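# sharing a sequence plus its predicted fold:
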Amino acid sequence: MKNTLKITRVETDLLILGGGSAGLWAAHRFAECMPGRRICIVDKGPRDWGGLMAMAGGDFEAVLPPDTVDDWLEDLVYYFDGLCDQPLMEAILSRSAERMRDYERFGCEFFRTPDGNLRSVPQRGLPHVRLYPARVKGRGGELMAKSLVARLKDAGVTRMGRIMLTDYLARDGRVIGAAGFHCVSGEAYIFHAGAVIAATGMGGWKTSYGKNTPTGEGLRMAFAAGAELQDLEFARVWNMPRLFAWEGQTHLFPLGARFVNRMGENFMSRYSPVLGPNTDPHFTTVGMALEIRAGRGPIIFDVSPLRDEDMVLLKPQTGWQKLNYEKLCGLGLDLFKNNTEWVPQMTVSHGGIRTEIDGSTAVAGLFAAGTARSLEPGVYAGGFALMTTAVTGHMVGETAAAWLRNADAAPAPDEAEAEALLERAFAPLGREGADRLTPKQVLTGIQTAVFPHDVSIVKNGPALERALAEIRRIREEDVPRMAAADPHYLLKLHEVVSVAFVSELFVRASLERKESRAGHFREDFPHPDPAGPAWLLVRHGADGRPVFARERVPLEKWRVPLTRCYQDNFAFVERKAAGNVQDRPS
Ligand SMILES: Cc1cc2nc3c(=O)[nH]c(=O)nc-3n(C[C@H](O)[C@H](O)[C@H](O)COP(=O)(O)OP(=O)(O)OC[C@H]3O[C@@H](n4cnc5c(N)ncnc54)[C@H](O)[C@@H]3O)c2cc1C
């Protein structure tokens, strides 16, 4: 070990990686189940910032009367084209109203009409799924994060920021902690814990302020520790104003906004006469790409159908979203007044750690929650993330507590192994050599390989093969050449290592899935596989490297049959009737 490196050691009962919605809920529930036990949340971002939730509008999905869990489950089986883990989704939906009530109890308000009823916005043209907006547009998520942090302070939970964890520590097949470094001071850290929860968020490509932290270390580390991954072929391609990002489209389309092409045509109504523009961004971006390819771009965001009285739900009144809005206005882009140019933007990976319903992984001592698990196959309805992360966080807090009650004390870390991992993590710091690359240069190379529309939106085999060859070259030649001048850039460097890992799996999985389903569209395989829906799992090959395995969705065992697919509403290419639809049992 370099003797200049100072190691700080932390002992805890529960270690939580990531202080976003899932991590905060996990800590909250664990503290309720095991009062007095030590809990430590570690985040590579600022302490107590709350992860992506800090920027969220605060839209929350919950199953409230007169809707039932079965109504929503039917919607989601249809919306996910059958790729819905029904027992998991049922468990989440059944607990969604409780978590919404918790937020209200914590002082977070949802939008109510003058007669006192909750206002809801239906999502994606689905019969039941709807979100409940926060009362104050622009700060809803931030207030949720603050309300949870206040509870954790009262419960004596240790919270540490600016520490990036790079590797799990394991003994005898059990994860017993993690190692990493402080990205300002450069101090090394070793955490030793009875149980570890990965609440590290998604993988992604660092395309805007809201997507800067989800870079996939959680996936890379869990896979290295022996866990399986799934759904890597699904990524979220969102649509954005061309010059600067914007969030909040989950309200805009249900309330009437639409995209038009150069000729002013509402082209989504041509691709989907049933749903028109009120659908998932995955489908609107396929439409955008096809319009641009046919020479009918640019794509314009048309707000003329919006009603003035809905503006209170759409225009941010305070917080960072108001700053975002003012920034756009400063660029001459008042998207609520003028027609603005929008483009597809690759944002995050939906791939995640494979778990049991309760959040246990295949590795003893390691649990996962929130978007670090895979919860949706590339199509997403507004408010889904704050619901699923709250519920799975709450559930995993309970799971880890129950596990720890019966577990033996965690063996001490193997010091030599921990120090070797730290040495490897610190090796690029101050690396010399004329051929060294910055993390930004390597990230740009990865983005250039993955972002073309024929790799990320309207995928096809030859384009994916081309992207895969380039990503492999980047992994073998460019990633080892990265150097960091200081601990801050060392953090960026490790993020880019994970971006490369997730990108290679995204392209490989996209090649493997030779069909179109949910958020995965292959122009060369535009129909769903008649064999029916299957998950693509990432397992460990003989050499430990990732290999893929198909696991059929056991529809025959589950309550909701697949009688129709959401993607059948779209005619991007001539589609034959879906061959995977089961007959309803009589
Ligand atoms: C602008 C914006 C608006 C949104 N609005 C809504 C909305 O209104 N409704 C809704 O439902 N959803 C919304 N979302 C999505 C939602 O906020 C997120 O999907 C959700 O909060 C994710 O929670 P999480 O805990 O799973 O992950 P994250 O919030 O990503 O938390 C993961 C945490 O882990 C940390 N971390 C990751 N890797 C490491 C590591 N190696 N070491 C240490 N720490 C690590 C990260 O810094 C992060 O804090 C919005 C998202 C954005 C960006």
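Done, it's in.
# quick one: low-confidence parts of the stretch 1-150 of the chain?
1-4 (pLDDT under 70).
# can you give me the helices in it?
Secondary structure of the stretch 1-150 of the chain, counting by DSSP state H, counting those that start in this stretch: helices at 21-33, 69-79, 86-105, 140-154.
# give me the contacts around the host helix or strand of Tyr168.
Per DSSP states H and E: Tyr168 is located in strand 163-171. Strand 163-171 has contacts (C-beta atoms under 8 Å, 6 or more residues apart in numbering) with 17, 42-44, 175-183, 189-192, 196, 217, 221-222, 224-226, 363, 365-366, 410-414, 417-418, 421, 425, 490-491, 494. C-beta coordinates here come from the backbone N, C-alpha and C atoms, glycine included.
# cool, and stretch 93-111?
Contacts of stretch 93-111 (C-beta under 8 Å, 6+ apart): 25, 58, 60-64, 69, 72-73, 118-119, 132-136, 140, 143-144, 147-148, 150-151, 313, 387, 390-391, 394-395.
# quick one: is it near the ligand?
No: if you take C-beta under 6 Å from any ligand atom as the test, stretch 93-111 misses the ligand, and the best it gets is 11.2 Å.
# helix/strand/coil for Ile197?
Classification of Ile197 using DSSP: H, G, I helix; E, B strand; the rest coil returns strand.
# what does the pLDDT read for it?
Note on Ile197: pLDDT of 99.
# report how many residues lie close to it.
By other C-beta atoms under 10 Å, the residues close to Ile197 number 32.
# next one: stretch 499-519 to chain centre, how far?
Mean C-alpha position of stretch 499-519 versus that of the full chain (C-alpha atoms, centre = their mean, to the nearest Å) differs by 15 Å.
# need the CA coordinates for that stretch. PDB is fine.
Output of stretch 499-519 as PDB, limited to C-alpha atoms (Å, rounded to 0.1, in the frame of the first residue of the first chain):
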ATOM      1  CA  VAL A 499     -20.200   3.700 -18.100                       C
ATOM      2  CA  ALA A 500     -18.000   1.500 -20.400                       C
ATOM      3  CA  PHE A 501     -19.100  -1.700 -18.600                       C
ATOM      4  CA  VAL A 502     -22.800  -0.800 -18.900                       C
ATOM      5  CA  SER A 503     -22.400   0.400 -22.500                       C
ATOM      6  CA  GLU A 504     -20.900  -2.900 -23.600                       C
ATOM      7  CA  LEU A 505     -23.700  -4.800 -21.900                       C
ATOM      8  CA  PHE A 506     -26.300  -2.500 -23.400                       C
ATOM      9  CA  VAL A 507     -25.000  -3.200 -26.900                       C
ATOM     10  CA  ARG A 508     -24.500  -6.900 -26.400                       C
ATOM     11  CA  ALA A 509     -27.900  -7.400 -24.900                       C
ATOM     12  CA  SER A 510     -29.500  -5.300 -27.700                       C
ATOM     13  CA  LEU A 511     -27.900  -7.700 -30.200                       C
ATOM     14  CA  GLU A 512     -29.100 -10.700 -28.100                       C
ATOM     15  CA  ARG A 513     -32.700  -9.600 -28.000                       C
ATOM     16  CA  LYS A 514     -33.800 -10.400 -31.600                       C
ATOM     17  CA  GLU A 515     -37.300  -9.000 -31.300                       C
ATOM     18  CA  SER A 516     -39.000  -5.700 -30.500                       C
ATOM     19  CA  ARG A 517     -40.700  -5.500 -27.100                       C
ATOM     20  CA  ALA A 518     -41.400  -2.700 -24.600                       C
ATOM     21  CA  GLY A 519     -38.500  -0.200 -24.700                       C
END
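# so what touches the helix or strand containing Leu219?
Assigned by DSSP H and E, Leu219 belongs to helix 217-225. Residues from elsewhere that reach helix 217-225, judged by C-beta under 8 Å, 6+ apart: 17-18, 44, 164-168, 170, 175, 178, 198-201, 203, 229, 349, 351-353, 361, 363, 366, 368, 372, 494-495, 497-498, 501-502, 538, 540, 546.
# which of those are close to the ligand?
Restricting the contacts of helix 217-225 to those near the ligand - C-beta under 6 Å from any ligand atom - leaves 17-18, 44, 164-165, 199-201.
# which one of the residues you listed has the most neighbours?
Within these, most neighbours by other C-beta under 10 Å means Thr200, with 34 neighbours.
# for it, report the pLDDT, please.
Thr200 carries a pLDDT value of 98.
# helix, strand or coil: sort out it for me.
Secondary structure, three-state DSSP: Thr200 is coil.
# hmm, back to that, of the contacts of stretch 93-111, buried ones?
Among the contacts of stretch 93-111, those scoring as buried are 25, 58, 60-63, 69, 72-73, 119, 132-134, 136, 140, 143-144, 147-148, 151, 313, 387, 390-391, 394-395 (criterion: 16 or more other C-beta atoms under 10 Å).
# and the stretch 301-450 of the chain, which residues reach the ligand?
370-371, 383-386, 389.
# OK, contacts around Arg431?
Counting by C-beta under 8 Å, 6+ apart, Arg431 has contacts 482-484.
# nope, Thr213 is what I was after
Thr213 makes contacts with 44-45, 51-52, 201, as judged by C-beta under 8 Å, 6+ apart.
# and Arg545, how many neighbours?
8.
# numbering from 54 from now on, please.
I'll keep to 54 as the first residue from here, and by that count the last item is Arg598.
# what's the first helix or strand after the strand or helix carrying Ala454?
Assessed by DSSP H and E, Ala454 sits inside helix 437-459. Sequence-wise, the next helix or strand downstream of helix 437-459 (DSSP H and E) is helix 468-479.
# tell me what angle that next one forms with strand 216-224.
150 degrees (axes from the mean of the first three to the mean of the last three C-alpha atoms, to 10 degrees).
# CA atoms of helix 468-479 as CSV?
Listed next in CSV are the C-alpha coordinates belonging to helix 468-479 (Å, rounded to 0.1, in the frame of the first residue of the first chain):
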residue,chain,number,x,y,z
GLU,A,468,-6.6,-6.6,4.9
ALA,A,469,-4.2,-7.6,2.0
GLU,A,470,-7.1,-8.0,-0.4
ALA,A,471,-8.7,-4.7,0.7
GLU,A,472,-5.5,-2.8,0.3
ALA,A,473,-4.9,-4.4,-3.1
LEU,A,474,-8.4,-3.2,-4.2
LEU,A,475,-7.6,0.3,-3.0
GLU,A,476,-4.2,0.4,-4.7
ARG,A,477,-6.0,-0.6,-8.0
ALA,A,478,-8.6,2.2,-7.4
PHE,A,479,-5.9,4.8,-6.8
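# who touches it?
Under the criterion C-beta under 8 Å, 6+ apart, residues 54-55, 58, 60, 219-220, 222, 232-234, 241, 243, 543, 547 lie in contact with helix 468-479.
# try it again at 7 Å.
The contact list for helix 468-479 (C-beta atoms under 7 Å, 6 or more residues apart in numbering) reads 54-55, 58, 219-220, 222, 232, 234, 241, 243, 547.
# show me the contacts for Asp507.
Contact analysis of Asp507 by C-beta under 7 Å, 6+ apart lists 513, 516.
# before we move on, the earlier item: out of the residues of the stretch 354-503 of the chain next to the ligand, who's the most crowded?
Among these, Gly423 has the most neighbours (other C-beta under 10 Å), with 34 neighbours.
# which PyMOL command selects the buried ones in the contacts of strand 216-224?
Only the buried entries of those go into this PyMOL selection, using 16+ other C-beta under 10 Å:
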select buried, resi 70+95+96+97+228+229+230+231+232+233+234+235+236+242+243+244+245+249+270+274+275+278+279+416+418+419+463+466+471+474+478+543+544+547
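# point me to the residue of the stretch 354-503 of the chain nearest the ligand.
Using C-beta to the nearest ligand atom, the closest approach of the stretch 354-503 of the chain to the ligand is made by Gly423 at 2.6 Å.
# no no, the stretch 154-303 of the chain
In the stretch 154-303 of the chain, the residue that lies nearest the ligand is Gly254 (2.5 Å; C-beta to the nearest ligand atom).
# and Asp411, how far from Ala553?
Plainly put, Asp411 is 32 Å away from Ala553 if you go by C-beta to C-beta, to the nearest Å.
# so who does the residue in the stretch 454-603 of the chain positioned nearest to the ligand touch?
Going by C-beta to the nearest ligand atom, the ligand is nearest to His547 of the stretch 454-603 of the chain, at 7.3 Å. For His547, the contact set (C-beta under 7 Å, 6+ apart) comprises 217, 219, 270, 478.
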